[in-house]
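Novice: How does the following fold in three dimensions:
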Amino acid sequence: MSSTVQGHCDPAFAGVREVFERHFAEGRELGAAVAVHVGDRKVVDLWGGVADRRTGRAWLPDTPCFAFSCTKAVTATAALLLAERGAYEMDGPVTAWWPEFGAGGKDGATAAHLLSHQVGLPAFARPVSAEEAADATARAAELATQKPEWTPGDAHGYHALTYGWLAGEIVRRLSGRTVGAFVKDEFARGLDLWIGSPGDVIERAAKLTAGRRTGAGADAPRAPGHDLLKRLADAYTDPQSMMNRSMNNPHPGKGGYNNPVVLRAGWPAAGMITTAPALAGFYRDLVAGRILRPDTLRDALRPRAGGPDRTLLVDSAFGLGFMRPSQTFFTPKQGRESAFGHTGAGGSIGLGDPEAGLTLAYLPNLMGDQASGDLRAFRLTQAAYASL
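Specialist: Okay, the predicted model is just below:
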């Protein structure tokens with residue numbers, strides 16, 4: 001096994017370390033970190049490899065990494081906390097607190113539709129630059145005027161990037177704060193987790209290295225058949241497809257998702273920089289009832305949308321902001337009923353399981369090829385469940 005891996009691993013969870021080390025030994029990683037909690041006990045905190053391929057800078061215990069769509073679960077939690085406090089009705093009309101949103105036939109949309117990818121706005125109608133995307137207020141206003149791709153509530157399709165300005169508008173309008181500020185103030189003050197990162201965090205963050213194909217959204221289905229793989233690959237590269245339009249607009253610009261313009265802005269769907277221990281710590285606190293009341297979380301995990309996804313072209317399942325087990329959130333059999341969380345492009349994952357008392361986060365900087373099925377996160381999750 002490779003000696004690049006450092007950190008703590010409870011002997012009972014040696015299988016997680018073995019998988020993590022094997023990925024490095026097989027050349028599947030550049031730099032990465034994985035953290036696991038059982039209840040409040042941290043049983044795995046491992047890291048290794050290179051944070052920046054260009055300079056050779058090592059990955060350290062506190063190296064943060066861009067987490068892509070793992071961000072969505074954190075943004076949704078902020079919105080859920082406001083609903084719990086009575087700021088709005090989850091199944092009430094969005095127009096009650098965002099009157100302009102009723103344009104284009106969206107007057108029947110509810111906050112639950114916004115949070116479960118059912119509102120019909122998976123992509124902007126025009127190309128949006130990274131600089132424009134930094135203005136969350138303007139992007140939300142733009143989406144409010146758009147005609148939906150389907151009547152809200154009639155179907156679902158992954159809102160890879162627009163999700164952040166839709167769910168995030170709940171937070172902005174009803175708290176008067178950005179998503180990043182609300183999250184820091186309310187439940188991430190002690191965590192190395194930022195949606196909108198300061199300069200010193202950007203400086204020490206891991207630098208992403210592209211794999212063969214990445215987008216800003218969910219992991220593609222693991223190991224599907226050849227015909228489906230071809231259909232997914234074709235859809236990803238077709239500029240007219242819903243998948244391409246959802247995942248690649250706004251475009252991050254020069255440097256891709258290493259672009260400081262994106263990292264400073266903190267896109268609320270795919271803009272979080274965090275460490276694996278912090279992301280696992282977020283799920284630990286969520287499962288323990290320290291962020292949301294247990295009844296709020298239970299209701300948020302209730303599947304609201306499932307089956308064929310109009311964006312991803314495979315079956316997906318969503319509660320209120322959280323992925324549930326499906327082809328886009330592939331979990332071991334022990335977690336197929338109770339696991340929740342969110343994947344991110346290139347292979348990252350944040351996961352919680354209230355029944356098992358397990359929380360896990362994994363962040364790599366070598367982006368996997370989603371169309372071929374990146375199994376690194378699944379293997380680590382499988383090893384964690386097997387260690388319980």
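Novice: got any ranges where the stretch 101-250 of the chain has weak pLDDT?
Specialist: The model of the stretch 101-250 of the chain has pLDDT under 70 over residues 212-229.
Novice: Show me where it has its strands.
Specialist: Assigned by DSSP state E, counting those that start in this stretch, the stretch 101-250 of the chain shows strands spanning 193-195.
Novice: mind listing the helices in it by residue range?
Specialist: 111-115, 130-133, 136-145, 162-175, 179-186, 199-204, 226-237, 242-247 (DSSP state H, counting those that start in this stretch).
Novice: give the contact list for the most centrally placed residue in the chain.
Specialist: The centroid of the chain falls nearest to Cys70 when counting by CA atoms, centre = their mean (1.9 Å). Counting by CB atoms under 8 Å, 6 or more residues apart in numbering, Cys70 touches 272, 274, 279, 341-344, 348-350, 361. C-betas here are computed from N, CA, C, even on glycine.
Novice: Is it in a helix, a strand, or coil?
Specialist: Of the three states, Cys70 takes helix under DSSP: H, G, I helix; E, B strand; the rest coil.
Novice: Equivalent analysis for the one 5 residues further on, please.
Specialist: The three-state label given to Thr75 by three-state DSSP is helix.
Novice: shaky segments in the stretch 251-388 of the chain?
Specialist: Using pLDDT under 70, the flagged stretches of the stretch 251-388 of the chain are 369-373.
Novice: So which residues of it form strands?
Specialist: For the stretch 251-388 of the chain, applying DSSP E, counting those that start in this stretch gives strands covering 272-274, 305-308, 315-318, 340-343, 349-353, 358-364.
Novice: So Pro152 is in contact with Leu115, correct?
Specialist: No. Pro152 is not in contact with Leu115 according to CB atoms under 8 Å; the separation is 11.8 Å.
Novice: More neighbours: those two, which one.
Specialist: Between Pro152 and Leu115, counted using other CB atoms under 10 Å, Leu115 has the larger neighbour count: 28 against 22.
Novice: so what's that one up against?
Specialist: Leu115 neighbours (CB under 8 Å, 6+ apart): 76, 79-80, 90, 167, 304, 320-321.
Novice: do the same with Tyr158
Specialist: 117, 122, 217-218, 246, 309, 311-312, 316, 328.
Novice: make it 10 Å
Specialist: Contact analysis of Tyr158 by CB atoms under 10 Å, 6 or more residues apart in numbering lists 69, 72, 117, 122, 217-218, 242-243, 246-247, 305, 309-314, 316, 318, 323, 328.
Novice: coming back round to it: so which of the contacts of Cys70 is surrounded by the most neighbours?
Specialist: Neighbour max across the contacts of Cys70 (other CB under 10 Å) = Met272, 37 neighbours.
Novice: burial measure for the closest residue to that one other than its chain neighbours, as a count.
Specialist: Spatially, and ignoring its direct neighbours in sequence, Met272 is nearest to Thr71 (3.9 Å; CB to CB, 6 or more residues apart in numbering). Thr71: 32 surrounding residues under other CB under 10 Å.
Novice: show me what contacts Thr71?
Specialist: 163-164, 179-180, 183, 193, 195, 216, 266-274, 279, 342, 344, 348, 350.
Novice: pretty sure Ser338 contacts Asp353?
Specialist: Yes. Counting by CB atoms under 10 Å, Ser338 touches Asp353, with 5.1 Å between them.
Novice: how many other residues sit next to Asn248?
Specialist: Here the number of neighbours of Asn248 (other CB under 10 Å) works out to 19.
Novice: buried sites along the longest strand along the chain?
Specialist: In the chain, ranked by residue count with DSSP state E as the criterion, the top strand is strand 41-52. By neighbour count on 16 or more other CB atoms under 10 Å, the buried set for strand 41-52 is 42-52.
Novice: got it, and stretch 55-62?
Specialist: Trp59.
Novice: Taking the contacts of Cys70 together, which two end up most distant?
Specialist: With CB to CB as the measure, no two of the contacts of Cys70 lie farther apart than Thr274 and Thr343, at 14.5 Å.
Novice: re earlier: what's the closest of the buried residues of strand 41-52 to Thr95?
Specialist: So of the buried residues of strand 41-52, ranked by how close each gets to Thr95 (CB to CB), first place is Lys42, at 44.4 Å.
Novice: Next, report how far the longest strand of the chain is displaced from the centre of its chain.
Specialist: The chain centroid and the centroid of strand 41-52 are separated by 19 Å under CA atoms, centre = their mean, to the nearest Å.
Novice: before we move on, what about stretch 33-49?
Specialist: The chain centre lies 19 Å from the centre of stretch 33-49; the measure is CA atoms, centre = their mean.
Novice: got the CA positions of that stretch in CSV?
Specialist: What follows is stretch 33-49, C-alpha atoms only, in CSV (Å, rounded to 0.1, in the frame of the first residue of the first chain):
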residue,chain,number,x,y,z
ALA,A,33,-9.4,13.2,2.1
VAL,A,34,-12.0,11.1,3.8
ALA,A,35,-13.7,11.4,7.2
VAL,A,36,-16.2,9.2,9.0
HIS,A,37,-18.1,9.7,12.2
VAL,A,38,-20.2,7.1,14.1
GLY,A,39,-22.4,9.3,16.3
ASP,A,40,-20.1,12.0,17.7
ARG,A,41,-17.0,9.8,17.5
LYS,A,42,-14.6,10.5,14.6
VAL,A,43,-13.4,7.1,13.5
VAL,A,44,-11.7,8.0,10.2
ASP,A,45,-9.7,11.2,9.4
LEU,A,46,-7.4,10.4,6.5
TRP,A,47,-5.7,12.5,3.8
GLY,A,48,-2.9,12.1,1.3
GLY,A,49,-1.3,13.0,-1.9
